[in-house]
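Q: just a sequence and a predicted model for now, questions to come.
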Amino acid sequence: MSTETLIAGRRARVRRRSLLTGGLAVAVLVAFLTSLMVGNTFYGLDKVIRVILGETVPGASFTVGDLRLPRASLGLVTGLCFGVAGVTFQTMLRNPLASPDIIGISSGASAAAVIGLIVFSLSETAVSLLALLAALLTAGAIYLLANRRGFAGTRLILIGIGVAAMLDSLVSYVLSRAASWDLQMAMQWLTGSLNGATWSGVMPVAIACVVLVPVLLLHERHLGVLRMGDDSAASLGVRVQRTRIVLIVGAVALLAFATAASGPIAFVAFMAGPIAARIVGPGASLTLPSGLIGALLVLVADLVGQFAFDNRYPVGVITGVLGAPYLVYLLIRSNRTGSSI
Amino acid sequence: MIGVQPTVPPSDVARLRRSTAVRLTWLAVGLAVLALLFVLSVAFGTRVVSISDVFSALGGDTSGIAEAAVVKRIPRTVLALLVGAALALSGTTMQAVTRNPLADPGILGVSSGAALAVVAGIAFFGMSDPHAYIWVAIGGAALAAAFVYTVGSLGRDGATPLKLALAGAAISATFSSLVSAILLPRVDVLTTFRFWQIGGVGGATWERISLIIPFLVVGAAICFFSARGMNMLALGDDLAAGLGENVLRARLISAAGAVLLCGVATAIAGPIGFVGLVVPHLCRLLVGTDLRWLLPFSAITGAALLVAADVVGRVVARPQEIEVGIITAFIGAPFFIWIVRRQRVREL
């Protein structure tokens, strides 16, 4: 095979991936607009766009601008954050099951946020910061505990499961002391829900998203190298510890802000990466496609949860139920082939 | 089927074998500690009762407030004792059957199976009969155990600790989102469920205790009688088969005993994690790995641990109580992490 055919093949692959990523972005946009149009009253696309552009449309301005727009934006941004954070962990630990919601980092953010919400009744921004702090501490503790005689992804996962168990029991304790009204709110929040989204709740996570996603995208190249193992990565000129810490802090921060805003929406961080890998093909950069898949999952699941059943279910219930069979499939498949994503 | 192949240096091998005298001594110590904790458990609480009052109440005198408090605390203590023993036996058996140092009803998702079954029973079938609770919980536990073990042991290298733990964690996460899907629209069930969910022995009565005794006796008997078979399994499947053991049958029977014990304990006290994980490891250090000794000693230690956790929960936040499931998680999780750090876990 000559160099020219190799280069041509690579170009074709890159073009195909860009097309697929573009397609995903369009799908996210469609889901976003759909969730602005659909509801108890239907508003046409023209009205929705006029509201987004800042015009005052009788009726639609309130419903779309004040109710649906914050909700859809929250879904979009948190989904993006969950997807990016999840795939970063999965790639770094070389295991599709090692997403932050399984290895305990989400539990850290949840515990802090539940305590902030119920015990101290803090504001949204304060809860976000508290969740960020707790998630970073949890991740740091898990990392330090796992970093004995060299770093082992497996040990990190198992330690994460242990830490998650402890934090979950802390959450149970706080819930058992909560008043009935708080309890239902907290349960809803713990399941992951976009109900009651406000701009003041969306802002922290949106800012985090704008700042941190580019950072993670810039480090993505090194992430691919890290997958080959610490020694190979070091010999290829990657500063292993530093890169890993940047990636962990970035992903954890995204996760914490998203968790504080919407609650830990089950399985989005876990599902987005492997689905993206399936769509754009192996070896490609996964960060952006996973983020888009995450956003798509949350937006579609929220639509389904709101309108498909008699009861209105929060988005986390839908993603949780979707995630279950997928998870089993993934476990079986990765067991059979012994592969990672 | 082997998870972590322990590469024990010779000095440790010598330490794993204990003389009968040492074992009997530890057994006696364990029983003494348990008796002491029993007395402490009936003496401590919102009101502290003096030791002389405890003994007069145990003698049948119920005249004073102190004696009445003691009489009320006895069923609770007995329940903690039984549940602790059941969970420890279940954990020891699970670790032997899966040959996995991290096996525990909580980690493997078995308790969450029982929880989901109970919630579904309450919400969809209006279940309120305590007997039904127990059967439903056992069924849920058995299904979850079978499922996690099947999923975790597929693939080339069988049921490694990592795969089992991940399968368990994943199944727990799934089940808990199903539980919230069932509970969220039903506020009435939610309030009943949350106290059960945390794991507590506070609502004990003699009636409920007598309900679970037959199940516990059967489960414990199964575990004790399969001790010899499980000792064989520890040698590895091939060697056990060569020694004339029916490997599959031995594994299934002992697993059934473990699931029965765990399901009953979960039905009566809610999912209490980590007792089944911590106790076997502790006991192996003291009496060695022979299951014929390890099982009874685990039962005693488990009972003592849960009674102690219950006492701590009552004393720490007086006059409020912290449910025993929370205390065991806070003792157990660091222990779990310690085991993981000690072990040379293989990469998946």
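A: Structure's in. What do you need?

Q: so for the residue of chain B found nearest chain A, what pLDDT did the model give?
A: Proximity of chain B to chain A (CB to the nearest CB) peaks at B:S177, 2.6 Å away. Where you see a C-beta, it was placed from the backbone N, CA and C, and this is true even at glycine. For B:S177, the pLDDT comes out at 76.

Q: count the neighbours of it for me.
A: Counted with other CB atoms under 10 Å in any protein chain shown, the neighbours of B:S177 add up to 25.

Q: in space, what's closest to it - neighbours in sequence excluded?
A: Leaving aside its sequence neighbours, B:S177 sits nearest to A:G320 (CB to CB, 6 or more residues apart in numbering or on different chains; 2.6 Å).

Q: ok, that neighbour touching B:A181?
A: Yes: checked against CB atoms under 8 Å, the pair A:G320 and B:A181 is within contact range at 6.8 Å.

Q: ok, the two, which is more surrounded?
A: A:G320 (28 against 21).

Q: so what's that one up against?
A: By CB atoms under 8 Å, 6 or more residues apart in numbering or on different chains, the residues touching A:G320 are A:T191, A:A266, A:F267, B:A173, B:T174, B:S177, B:L178, B:S180, B:A181.

Q: now tabulate the residues you listed in a markdown table and tack on secondary structure and distance to A:L183.
A: Shown next, in a markdown table, are the contacts of A:G320 (DSSP: H, G, I helix; E, B strand; the rest coil; distance: CB to CB, whole Å):
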| residue | secondary structure | distance to A:L183 |
| --- | --- | --- |
| A:T191 | helix | 13 |
| A:A266 | coil | 19 |
| A:F267 | coil | 23 |
| B:A173 | helix | 21 |
| B:T174 | helix | 23 |
| B:S177 | helix | 17 |
| B:L178 | helix | 19 |
| B:S180 | helix | 12 |
| B:A181 | helix | 17 |
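
Q: chain B contacts on the stretch 151-300 of chain A?
A: Residues of the stretch 151-300 of chain A lying close to chain B by CB under 8 Å from any CB of the partner chain are A:152-155, A:157-159, A:161-166, A:168-170, A:172-173, A:175-177, A:180, A:183-184, A:187-188, A:190-191, A:266-267.

Q: which stretches of the chain have low pLDDT?
A: This is for chain A. Scanning chain A for pLDDT under 70 picks out A:1, A:148-153, A:180, A:282-284, A:324, A:331, A:334-341.

Q: oops, chain B please
A: Using pLDDT under 70, the flagged stretches of chain B are B:1-18, B:46-47, B:57-63, B:155-162, B:191-199, B:343-348.

Q: residues of stretch A:276-288 that come out buried?
A: Going by neighbour count (16 or more other CB atoms under 10 Å in any protein chain shown), the buried part of stretch A:276-288 is A:A276, A:A277, A:I279, A:V280, A:A284, A:S285, A:L286, A:T287, A:L288.

Q: do I have it right that A:T259 meets A:V114?
A: No: between A:T259 and A:V114 there is no contact under CB under 8 Å: 10.6 Å.

Q: helices of the stretch 201-348 of chain B, start to end?
A: Listed in chain order, the helices found in the stretch 201-348 of chain B under DSSP state H, counting those that start in this stretch are B:206-225, B:227-233, B:237-242, B:247-269, B:275-287, B:291-316, B:324-342.

Q: among these, which is nearest B:V119?
A: helix B:247-269 (11.9 Å; CB to CB).

Q: got the angle between the closest one and helix B:324-342?
A: Relative orientation of helix B:247-269 and helix B:324-342, computed by axes from the mean of the first three to the mean of the last three CA atoms, to 10 degrees: 140 degrees.

Q: and the residue of the stretch 1-150 of chain A closest to chain B?
A: Closest point on the stretch 1-150 of chain A to chain B, by CB to the nearest CB, is A:L97, at 4.9 Å.

Q: give the helix, strand or coil label for that residue.
A: coil (DSSP: H, G, I helix; E, B strand; the rest coil).

Q: could you list the buried residues of the lengthiest helix in chain A?
A: Longest helix in chain A by number of residues (criterion: DSSP state H): helix A:3-37. Going by neighbour count (16+ other CB under 10 Å), the buried part of helix A:3-37 is A:17, A:20-21, A:24-25, A:27-28, A:31-33, A:35-37.

Q: filter those residues by proximity to chain B?
A: Of the entries in the buried residues of helix A:3-37, none also sits close to chain B under the rule CB under 8 Å from any CB.

Q: for those, give me CSV that also has distance to B:P101.
A: Formatted as CSV, the buried residues of helix A:3-37 follow (distance: CB to CB, whole Å):
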residue, distance to B:P101
A:R17, 43
A:L20, 44
A:T21, 44
A:L24, 43
A:A25, 47
A:A27, 45
A:V28, 45
A:A31, 46
A:F32, 48
A:L33, 53
A:S35, 48
A:L36, 53
A:M37, 55
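
Q: hang on, isn't B:V136 packed against B:G121?
A: Yes: contact criterion CB under 8 Å: B:V136 and B:G121 qualify, at 4.5 Å.

Q: overlap in contacts of those two?
A: Joint contacts of B:V136 and B:G121 (CB under 8 Å, 6+ apart) are B:M127.

Q: which residue is nearest the middle of the chain?
A: Chain wasn't specified; assuming chain A. The residue lying closest to the centre of chain A (CA atoms, centre = their mean) is A:F82, at 0.6 Å.

Q: please go with chain B instead
A: B:L87 (1.7 Å).

Q: in which helix or strand does that one reside?
A: Element membership of B:L87, judged by DSSP states H and E, is helix B:65-98.

Q: against which helices or strands is that helix packed?
A: helix B:20-43, helix B:51-58, helix B:206-225, helix B:227-233, helix B:247-269, helix B:275-287, helix B:291-316 (3 or more CB pairs under 8 Å, 6 or more residues apart in numbering or on different chains; DSSP states H and E).

Q: check which helices and strands the fifth one sits against.
A: It stands for helix B:247-269. helix B:65-98, helix B:110-125, helix B:130-153, helix B:206-225, helix B:227-233, helix B:237-242.

Q: now render these as JSON lines, adding distance to A:L122.
A: Below are the helices and strands packed on helix B:247-269 laid out as JSON lines (distance: least, CB to CB, whole Å):
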{"stretch": "helix B:65-98", "distance to A:L122": "37"}
{"stretch": "helix B:110-125", "distance to A:L122": "30"}
{"stretch": "helix B:130-153", "distance to A:L122": "37"}
{"stretch": "helix B:206-225", "distance to A:L122": "40"}
{"stretch": "helix B:227-233", "distance to A:L122": "52"}
{"stretch": "helix B:237-242", "distance to A:L122": "55"}
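
Q: how is whichever residue of the stretch 201-341 of chain A sits closest to chain B assigned, secondary-structure-wise?
A: Residue nearest to chain B within the stretch 201-341 of chain A: A:G320 (2.6 Å; CB to the nearest CB). Per three-state DSSP, the secondary structure class of A:G320 is helix.

Q: equivalent analysis for A:F309, please.
A: Once three-state DSSP is applied, A:F309 turns out coil.

Q: so who does A:L217 touch?
A: Residues counted as contacts of A:L217 (CB under 8 Å, 6+ apart) are A:T287, A:L288.
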